[in-house]
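Visitor: quick one: sequence and predicted model below, then my questions.
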Amino acid sequence: RPETFSRSFEVRGSMEAVSEAFISPEINGQIRELAVSRGQTVQKGDLLVRLNTDVTEKSIEEIRTSLELARKVFEKQEELWEKQIGSEIQYLEARNNVESLEARLATLQKQLELAEIKAPFKGIIEDIMVKQGELASPGMPMLHLVNLDRMRIRAQISESYLNSVARVDLVEVRFPSYPEMILKEPISRLGEVIDAQTRTFSLEVELNNPSEKLKP
């Protein structure tokens, strides 16, 4: 009797979280406060780490004082220039001084914002690699943040199956830790390049993980 005949082959893959990051600061600074702990769930925008900002705050105060004076000088020079009193270079220098101080103030305020490291997405603090009082620098991981809501499975497929796998196919996913759990998910991505050493191409499957049973 006619019936559908399907072929299958088995490969092993590795699982990772779609949203996962090692958080590091964008500026140098001493860690003043660790606002989270391991295992804590945070929302997007929540404060994670605060760096010492004493020097920056003092610099901002100095710039604001200088800017206030520079604006008064510029206003006076502008009034004189409108009355055609004084030279143009004095007027231009006064204006340039104001603009320069405003730019420096904006830069310092941006540095002040960067001193507060916030969560880029909702997730769980998996690990904290620093302690309060230590120096932090750009590129140095401080926190490991992971979101378990959505997972990605990566696998390497032999090039001999290149003509047998398509984006429309479903993948049957089984987990050694949960033998009763069998999922059928569509392929989310197929690699376009054959690895020259292993003669394989990549396959990715994304799936929801509402119960957070699956781990990277």
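Guide: That came through, no problem.
Visitor: ok, now which ones touch the most centrally placed residue in the chain?
Guide: The chain has residue 120 as the residue nearest its centroid, 5.4 Å off, counting by CA atoms, centre = their mean. By CB atoms under 8 Å, 6 or more residues apart in numbering, residue 120 lies in contact with 21, 23, 44, 145. Where you see a C-beta, it was placed from the backbone N, CA and C, and this is true even at glycine.
Visitor: report the beta-bridge partner residues of the closest residue in space to the second one that isn't next to it in sequence.
Guide: Take residue 23 and drop its neighbours on the chain: the residue closest to it by CB to CB, 6 or more residues apart in numbering is residue 143, 4.2 Å away. Beta bridges link residue 143 to residue 23, residue 128, judged by DSSP bridges.
Visitor: distance of residue 96 from residue 103?
Guide: 11 Å (CB to CB, to the nearest Å).
Visitor: can I get stretch 31-50 in PDB? Just the C-alpha atoms.
Guide: Taking Å, rounded to 0.1, in the frame of the first residue of the first chain, the C-alpha atoms of stretch 31-50 are listed here in PDB:
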ATOM      1  CA  ILE A  31      34.100  49.100  41.100                       C
ATOM      2  CA  ARG A  32      32.100  51.100  43.600                       C
ATOM      3  CA  GLU A  33      29.000  48.800  43.800                       C
ATOM      4  CA  LEU A  34      27.900  45.400  42.700                       C
ATOM      5  CA  ALA A  35      24.200  45.700  42.500                       C
ATOM      6  CA  VAL A  36      23.400  42.100  41.700                       C
ATOM      7  CA  SER A  37      24.300  38.600  43.000                       C
ATOM      8  CA  ARG A  38      24.800  35.200  41.300                       C
ATOM      9  CA  GLY A  39      21.500  33.500  40.300                       C
ATOM     10  CA  GLN A  40      19.500  36.800  40.400                       C
ATOM     11  CA  THR A  41      17.000  37.500  37.600                       C
ATOM     12  CA  VAL A  42      17.400  41.000  36.100                       C
ATOM     13  CA  GLN A  43      15.300  43.000  33.700                       C
ATOM     14  CA  LYS A  44      16.600  45.000  30.700                       C
ATOM     15  CA  GLY A  45      18.000  48.300  31.900                       C
ATOM     16  CA  ASP A  46      18.500  47.200  35.600                       C
ATOM     17  CA  LEU A  47      21.800  48.400  37.200                       C
ATOM     18  CA  LEU A  48      24.400  45.700  37.400                       C
ATOM     19  CA  VAL A  49      27.600  47.500  38.400                       C
ATOM     20  CA  ARG A  50      28.500  51.100  39.300                       C
END
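Visitor: got the contact list for that stretch?
Guide: Counting by CB under 8 Å, 6+ apart, residues outside stretch 31-50 touching it are 23, 25, 51-53, 115-128, 130-136, 142-143, 145.
Visitor: tell me the average confidence for that stretch?
Guide: Here stretch 31-50 scores 94 as its mean pLDDT.
Visitor: for residue 75, helix, strand, or coil?
Guide: Following DSSP: H, G, I helix; E, B strand; the rest coil, the label given to residue 75 is helix.
Visitor: residues near residue 123, how many?
Guide: 24 (other CB atoms under 10 Å).
Visitor: what about the closest residue to it other than its chain neighbours, which SS state?
Guide: Nearest residue to residue 123, sequence neighbours excluded (CB to CB, 6+ apart): residue 147, at 3.9 Å. Judged by three-state DSSP, the three-state class of residue 147 is strand.
Visitor: from the chain's centre, how far out does stretch 191-198 sit?
Guide: 29 Å (CA atoms, centre = their mean, to the nearest Å).
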